[in-house]
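>>> coords below, sequence missing:
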């Protein structure tokens with residue numbers, strides 16, 4: 001196994017560049033930690049390169065075992081000294097194994113195209129951890145894809161990827177759209193738009209979730225704009241106990257996605 005010691009090594013620079021400037025298409029992702037690297041292998045993702053900290057490369061830990069399995073699969077695996085690995089890992093306390101993987105880019109029209117598409121549309125979700133959790137909830141609840149719009153974080157940044165716990169490797173996700181573009185794309189496919197509103201909407205179980213549907217959720221703080229709410233075919237509001245005004249966007253999205261799942265599976 002090749003050992004890298006210099007922070008100027010091209011492989012080290014590739015990791016640093018991707019951490020600093022995530023790929024907006026999602027074609028290349030930076031994974032940090034054994035869980036995500038293991039998930040990528042299980043998902044059949046193309047692993048461009050993986051690196052393990054030299055101090056762990058000959059150990060009995062899970063990261064060393066995963067690195068050996070990747071090498072046996074023909075993946076380019078390198079060992080990195082502590083200094084070099086610290087430059088490759090974007091987290092403050094490096095985990096021990098990192099990788100760059102490739103995934104097929106997804107496009108909004110492709111995500112909205114299936115007749116029974118159920119698409120979660122995240123608008124202005126600025127916290128990458130929240131966005132990653134939202135993608136995780138979307139996959140768990142049976143959504144067929146996610147569109148990330150407006151001033152949202154990049155869903156392909158390492159923080160969002162980590163928040164998704166691997167769901168970003170399996171679920172089609174597209175970004176760099178406006179909310180209006182996402183709505184028009186679903187409309188062009190004759191789909192319905194359901195917008196999450198803090199008040200005045202219907203109970204989640206009263207909404208018609210069948211067929212091709214896009215669920216719009218707004219970001220932290222202001223939620224969806226009046227224009228987005230006005231463009232929807234229906235509004236949905238999560239009933240909450242008095243004094244509770246709102247929920248974390250990922251938690252709200254999970255509740256709504258599962259409400260849709262109950263009906264769509266019935």
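Alright, I've got the coordinates. Note that this is a predicted model, so its numbers are computed, not measured. Residues are numbered from 1 along each chain as shown.
>>> make it CA atoms for all contacts and neighbour counts henceforth
Fine.
>>> can you tell me which strand in the protein is longest?
In the chain, taking DSSP state E as the definition, the longest strand is strand 46-53.
>>> tell me which residues of that one are tucked away?
If you call a residue buried by 16 or more other CA atoms under 10 Å, then strand 46-53 has these buried ones: 47, 49-53.
>>> and it, what's its mean pLDDT?
The predicted model assigns strand 46-53 a mean pLDDT of 97.
>>> between the helix or strand following that strand and strand 46-53, what angle do the directions make?
Next helix or strand after strand 46-53 toward the C-terminus (DSSP states H and E): helix 62-72. If you take axes from the mean of the first three to the mean of the last three CA atoms, to 10 degrees, helix 62-72 sits at 140 degrees to strand 46-53.
>>> Just the residues contacting helix 62-72, thanks.
By CA atoms under 8 Å, 6 or more residues apart in numbering, the surrounding residues in contact with helix 62-72 are 34, 37-38, 41, 50-52, 56-58, 76-77, 96-97.
>>> ok, now with 6 Å
Residues external to helix 62-72 that are found in contact with it (CA atoms under 6 Å, 6 or more residues apart in numbering): 34, 57, 77.
>>> mean confidence for it?
Helix 62-72 shows an average pLDDT of 94 in the prediction.
>>> May I see the buried residues of that helix?
63-68, 70-71.
>>> same deal with stretch 99-117?
Within stretch 99-117, the residues that qualify as buried by neighbour count (16+ other CA under 10 Å) are 99-103, 106, 108, 111-113, 117.
>>> so which of those comes closest to residue 168?
Proximity of the buried residues of stretch 99-117 to residue 168, judged by CA to CA, is greatest for residue 103, which lies at 9.4 Å.
>>> all strands of the stretch 51-200 of the chain, in order?
Here the stretch 51-200 of the chain has its strands, by DSSP state E, counting those that start in this stretch, at 77-80, 97-102, 118-123, 145-149, 173-177, 192-196.
>>> Tell me which of those lies nearest to residue 27.
Taking CA to CA, strand 97-102 is the member of the strands of the stretch 51-200 of the chain nearest to residue 27, at 5.3 Å.
>>> From the contact counts, what lies against that closest one?
Using 3 or more CA pairs under 6 Å, 6 or more residues apart in numbering; DSSP states H and E as the contact criterion, the neighbours of strand 97-102 among helices and strands are strand 28-32, strand 46-53.
>>> could those strands be laid out in a markdown table, adding distance to residue 222?
Rendered in a markdown table, the data for those read as follows (distance: least, CA to CA, whole Å):
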| stretch | distance to residue 222 |
| --- | --- |
| strand 28-32 | 30 |
| strand 46-53 | 39 |
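>>> Count the residues that sit near residue 257.
The number of residues packed near residue 257 is 24, by other CA atoms under 10 Å.
>>> Now do the contacts for it.
The neighbourhood of residue 257, defined by CA under 6 Å, 6+ apart, consists of residue 141.
>>> and the gap between it and residue 169?
Residue 257 sits 19 Å away from residue 169, taking CA to CA, to the nearest Å as the criterion.
>>> And for residue 43?
When CA to CA is applied, the distance between residue 43 and residue 169 equals 7 Å.
>>> more crowded one of these two?
residue 169 (25 against 13).
>>> Nearest to residue 264, out of the strands of the stretch 51-200 of the chain?
For the strands of the stretch 51-200 of the chain, the distance to residue 264 is smallest for strand 118-123, at 9.5 Å, taking CA to CA.
>>> Now do the closest one: distance to the chain's middle.
Once both centres are worked out by CA atoms, centre = their mean, to the nearest Å, strand 118-123 turns out to sit 12 Å from its chain's centre.
>>> how does this structure divide into domains?
Taking automatic domain parsing as the reference, the chain has its domains at 2-102, 108-265.
>>> re the thing from before, the helices and strands packed on strand 97-102: which one's closest to residue 10?
Checked against CA to CA, the stretch from these lying closest is strand 46-53, at 11.7 Å.
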